[in-house]
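Enquirer: What follows is a predicted structure for the sequence shown.
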Amino acid sequence: MSKETIAPVLGRIPSGISILIAGDGRGRETGMLASWVQQASFDPPMVTVAVNRKRYLNDWLKTGAPVTLNLLSEDDGKFLKHFGKGFEPDAAAFEGLHLTRAANGLPSLSDAMGCLEGTVVSRTDAGDHYVYVIELTEATAGEDLETGKPWVHLRKNGLNY
(Lines give C-alpha, C1' and ligand atoms only; values in the text may rest on other atoms or scores of the structure.)
Protein backbone atom coordinates (compact mmCIF):
# COMPACT_ATOMS: atom_id res chain seq x y z
CA MET A 1 0.00 0.00 0.00
CA SER A 2 1.29 3.43 -0.91
CA LYS A 3 -0.18 6.01 1.44
CA GLU A 4 1.38 8.78 -0.65
CA THR A 5 -0.75 7.85 -3.68
CA ILE A 6 -3.88 7.00 -1.67
CA ALA A 7 -3.99 10.20 0.43
CA PRO A 8 -4.79 12.83 -2.22
CA VAL A 9 -7.42 10.68 -3.94
CA LEU A 10 -9.06 9.52 -0.71
CA GLY A 11 -9.31 13.10 0.53
CA ARG A 12 -11.47 14.08 -2.43
CA ILE A 13 -14.37 11.88 -1.33
CA PRO A 14 -16.99 14.46 -0.34
CA SER A 15 -18.67 14.34 3.04
CA GLY A 16 -21.24 16.57 4.66
CA ILE A 17 -20.55 18.56 7.80
CA SER A 18 -22.88 17.83 10.71
CA ILE A 19 -23.04 18.19 14.46
CA LEU A 20 -23.64 14.89 16.24
CA ILE A 21 -25.32 15.34 19.63
CA ALA A 22 -25.56 12.62 22.27
CA GLY A 23 -26.10 12.24 25.99
CA ASP A 24 -24.69 9.96 28.64
CA GLY A 25 -28.15 8.92 29.91
CA ARG A 26 -27.55 10.74 33.21
CA GLY A 27 -28.12 14.34 32.16
CA ARG A 28 -24.84 15.24 30.44
CA GLU A 29 -25.09 16.19 26.76
CA THR A 30 -22.52 17.24 24.20
CA GLY A 31 -22.03 17.82 20.51
CA MET A 32 -19.17 17.13 18.16
CA LEU A 33 -18.27 18.07 14.63
CA ALA A 34 -18.89 15.05 12.38
CA SER A 35 -17.62 15.06 8.82
CA TRP A 36 -17.89 11.34 8.04
CA VAL A 37 -21.63 10.87 7.75
CA GLN A 38 -23.28 8.83 5.00
CA GLN A 39 -26.74 7.50 4.26
CA ALA A 40 -26.63 3.71 4.55
CA SER A 41 -30.19 2.42 4.05
CA PHE A 42 -33.54 3.41 2.55
CA ASP A 43 -35.76 1.04 4.54
CA PRO A 44 -35.45 1.62 7.39
CA PRO A 45 -33.69 4.95 6.88
CA MET A 46 -30.19 4.74 8.37
CA VAL A 47 -26.93 6.67 8.35
CA THR A 48 -23.40 5.84 9.38
CA VAL A 49 -21.22 8.18 11.43
CA ALA A 50 -17.49 7.69 12.06
CA VAL A 51 -16.09 8.79 15.45
CA ASN A 52 -12.41 8.79 16.37
CA ARG A 53 -11.62 6.09 18.93
CA LYS A 54 -10.01 8.70 21.22
CA ARG A 55 -13.27 10.56 21.85
CA TYR A 56 -15.03 9.99 25.16
CA LEU A 57 -18.32 10.20 23.25
CA ASN A 58 -17.79 6.57 22.25
CA ASP A 59 -18.68 5.62 25.83
CA TRP A 60 -22.06 7.30 25.37
CA LEU A 61 -22.89 5.84 21.94
CA LYS A 62 -24.13 2.45 23.10
CA THR A 63 -26.70 0.39 21.22
CA GLY A 64 -30.09 2.00 21.85
CA ALA A 65 -28.64 5.45 22.62
CA PRO A 66 -30.55 8.37 21.11
CA VAL A 67 -28.72 10.96 18.99
CA THR A 68 -29.47 14.00 16.90
CA LEU A 69 -27.57 14.76 13.74
CA ASN A 70 -27.74 18.44 12.82
CA LEU A 71 -26.98 19.12 9.14
CA LEU A 72 -25.05 22.29 8.35
CA SER A 73 -25.32 24.58 5.36
CA GLU A 74 -22.43 26.50 3.83
CA ASP A 75 -23.62 29.51 5.85
CA ASP A 76 -23.28 27.75 9.22
CA GLY A 77 -19.63 28.58 9.91
CA LYS A 78 -20.43 29.58 13.49
CA PHE A 79 -21.12 25.92 14.29
CA LEU A 80 -17.82 24.80 12.79
CA LYS A 81 -15.96 27.27 14.99
CA HIS A 82 -18.02 26.42 18.06
CA PHE A 83 -17.86 22.61 17.86
CA GLY A 84 -14.50 22.27 16.09
CA LYS A 85 -12.56 22.73 19.31
CA GLY A 86 -14.30 19.82 21.07
CA PHE A 87 -15.63 19.71 24.62
CA GLU A 88 -14.83 17.86 27.81
CA PRO A 89 -17.66 15.68 29.19
CA ASP A 90 -18.89 18.26 31.73
CA ALA A 91 -18.44 21.35 29.55
CA ALA A 92 -21.39 23.52 28.53
CA ALA A 93 -21.28 22.53 24.86
CA PHE A 94 -24.35 24.52 23.81
CA GLU A 95 -23.74 27.84 25.55
CA GLY A 96 -24.81 30.77 23.37
CA LEU A 97 -26.65 28.62 20.80
CA HIS A 98 -30.36 28.56 19.98
CA LEU A 99 -31.73 25.11 20.81
CA THR A 100 -34.95 23.19 20.75
CA ARG A 101 -35.56 19.75 22.20
CA ALA A 102 -35.97 16.96 19.70
CA ALA A 103 -38.67 14.31 20.23
CA ASN A 104 -35.98 12.00 21.68
CA GLY A 105 -35.18 14.60 24.36
CA LEU A 106 -31.78 15.70 23.05
CA PRO A 107 -30.88 19.19 21.88
CA SER A 108 -31.41 20.20 18.29
CA LEU A 109 -29.67 23.23 16.78
CA SER A 110 -32.48 25.62 15.82
CA ASP A 111 -30.36 27.38 13.19
CA ALA A 112 -29.14 24.21 11.45
CA MET A 113 -30.27 23.24 7.95
CA GLY A 114 -32.11 20.28 9.42
CA CYS A 115 -32.04 17.75 12.20
CA LEU A 116 -32.26 13.97 12.02
CA GLU A 117 -33.11 12.03 15.16
CA GLY A 118 -32.17 8.45 15.60
CA THR A 119 -30.99 5.55 17.68
CA VAL A 120 -27.63 3.77 17.59
CA VAL A 121 -28.22 0.20 16.34
CA SER A 122 -24.62 -1.02 15.96
CA ARG A 123 -20.93 -0.16 16.03
CA THR A 124 -18.13 -1.48 13.83
CA ASP A 125 -14.39 -1.21 14.34
CA ALA A 126 -12.81 0.76 11.52
CA GLY A 127 -9.10 1.32 12.22
CA ASP A 128 -8.66 4.48 14.25
CA HIS A 129 -12.43 5.15 14.23
CA TYR A 130 -15.65 3.42 15.16
CA VAL A 131 -18.47 3.51 12.62
CA TYR A 132 -21.94 3.75 14.13
CA VAL A 133 -25.11 2.74 12.33
CA ILE A 134 -27.99 4.99 13.34
CA GLU A 135 -31.62 4.23 12.52
CA LEU A 136 -33.50 7.45 11.87
CA THR A 137 -36.82 8.01 13.62
CA GLU A 138 -37.70 11.69 13.11
CA ALA A 139 -36.55 14.77 11.20
CA THR A 140 -37.03 18.51 11.43
CA ALA A 141 -36.40 20.83 8.49
CA GLY A 142 -34.59 24.10 9.15
CA GLU A 143 -35.60 27.36 7.51
CA ASP A 144 -33.00 27.02 4.76
CA LEU A 145 -33.47 23.32 3.95
CA GLU A 146 -34.86 24.06 0.48
CA THR A 147 -32.71 27.08 -0.36
CA GLY A 148 -29.44 26.47 1.47
CA LYS A 149 -26.51 24.49 0.15
CA PRO A 150 -25.29 21.61 2.31
CA TRP A 151 -21.78 22.12 3.63
CA VAL A 152 -19.63 19.58 1.81
CA HIS A 153 -16.12 18.89 3.05
CA LEU A 154 -13.22 17.90 0.78
CA ARG A 155 -9.79 17.23 2.22
CA LYS A 156 -6.44 17.65 0.48
CA ASN A 157 -5.13 14.61 2.31
CA GLY A 158 -7.25 11.53 3.02
CA LEU A 159 -5.05 10.50 5.95
CA ASN A 160 -6.05 13.24 8.39
CA TYR A 161 -8.75 15.82 9.04
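Expert: It's in.
Enquirer: When you work out contacts or count neighbours from here on, use the C-alpha atoms and nothing else.
Expert: Fine.
Enquirer: residue boundaries of the strands in this protein?
Expert: Secondary structure of the chain, counting by DSSP state E: strands at 15-16, 18-23, 29-34, 37-41, 46-52, 66-71, 99-101, 107-109, 114-126, 129-141, 152-153.
Enquirer: mind checking the end-to-end distance for stretch 21-34?
Expert: Distance between the two ends of stretch 21-34: 10 Å, counting by C-alpha to C-alpha, to the nearest Å.
Enquirer: Test my guess that Val131 contacts Thr48.
Expert: Yes: between Val131 and Thr48 there is a contact under C-alpha atoms under 8 Å: 6.3 Å.
Enquirer: before we move on, back to that, which one of the strands of the chain has the most crowded surroundings?
Expert: strand 66-71 (a mean of 28; mean count of other C-alpha atoms under 10 Å).
Enquirer: gap between that one and the chain center?
Expert: Relative to the centre of its chain, strand 66-71 is centred 6 Å away, using C-alpha atoms, centre = their mean, to the nearest Å.
Enquirer: is the nearest residue to Met46 once chain neighbours are set aside in a bridge, and if so with what?
Expert: Distances taken as C-alpha to C-alpha, 6 or more residues apart in numbering place Glu135 nearest to Met46, at 4.4 Å, with adjacent residues excluded. Glu135 has the following beta-bridge partners by DSSP bridges: Met46, Thr119.
Enquirer: mind putting the strands of the chain in JSON lines, distance to Trp60 included?
Expert: Putting these into JSON lines (distance: least, C-alpha to C-alpha, whole Å) gives the following:
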{"stretch": "strand 15-16", "distance to Trp60": "23"}
{"stretch": "strand 18-23", "distance to Trp60": "6"}
{"stretch": "strand 29-34", "distance to Trp60": "9"}
{"stretch": "strand 37-41", "distance to Trp60": "18"}
{"stretch": "strand 46-52", "distance to Trp60": "12"}
{"stretch": "strand 66-71", "distance to Trp60": "10"}
{"stretch": "strand 99-101", "distance to Trp60": "19"}
{"stretch": "strand 107-109", "distance to Trp60": "15"}
{"stretch": "strand 114-126", "distance to Trp60": "10"}
{"stretch": "strand 129-141", "distance to Trp60": "12"}
{"stretch": "strand 152-153", "distance to Trp60": "26"}
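Enquirer: could those be laid out in JSON lines, adding mean pLDDT and distance to Thr5?
Expert: As requested, the strands of the chain are arranged in JSON lines below (pLDDT from 0 to 100; distance: least, C-alpha to C-alpha, whole Å):
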{"stretch": "strand 15-16", "mean pLDDT": "90", "distance to Thr5": "20"}
{"stretch": "strand 18-23", "mean pLDDT": "98", "distance to Thr5": "28"}
{"stretch": "strand 29-34", "mean pLDDT": "97", "distance to Thr5": "25"}
{"stretch": "strand 37-41", "mean pLDDT": "96", "distance to Thr5": "24"}
{"stretch": "strand 46-52", "mean pLDDT": "97", "distance to Thr5": "23"}
{"stretch": "strand 66-71", "mean pLDDT": "98", "distance to Thr5": "31"}
{"stretch": "strand 99-101", "mean pLDDT": "97", "distance to Thr5": "43"}
{"stretch": "strand 107-109", "mean pLDDT": "97", "distance to Thr5": "39"}
{"stretch": "strand 114-126", "mean pLDDT": "98", "distance to Thr5": "21"}
{"stretch": "strand 129-141", "mean pLDDT": "97", "distance to Thr5": "22"}
{"stretch": "strand 152-153", "mean pLDDT": "90", "distance to Thr5": "20"}
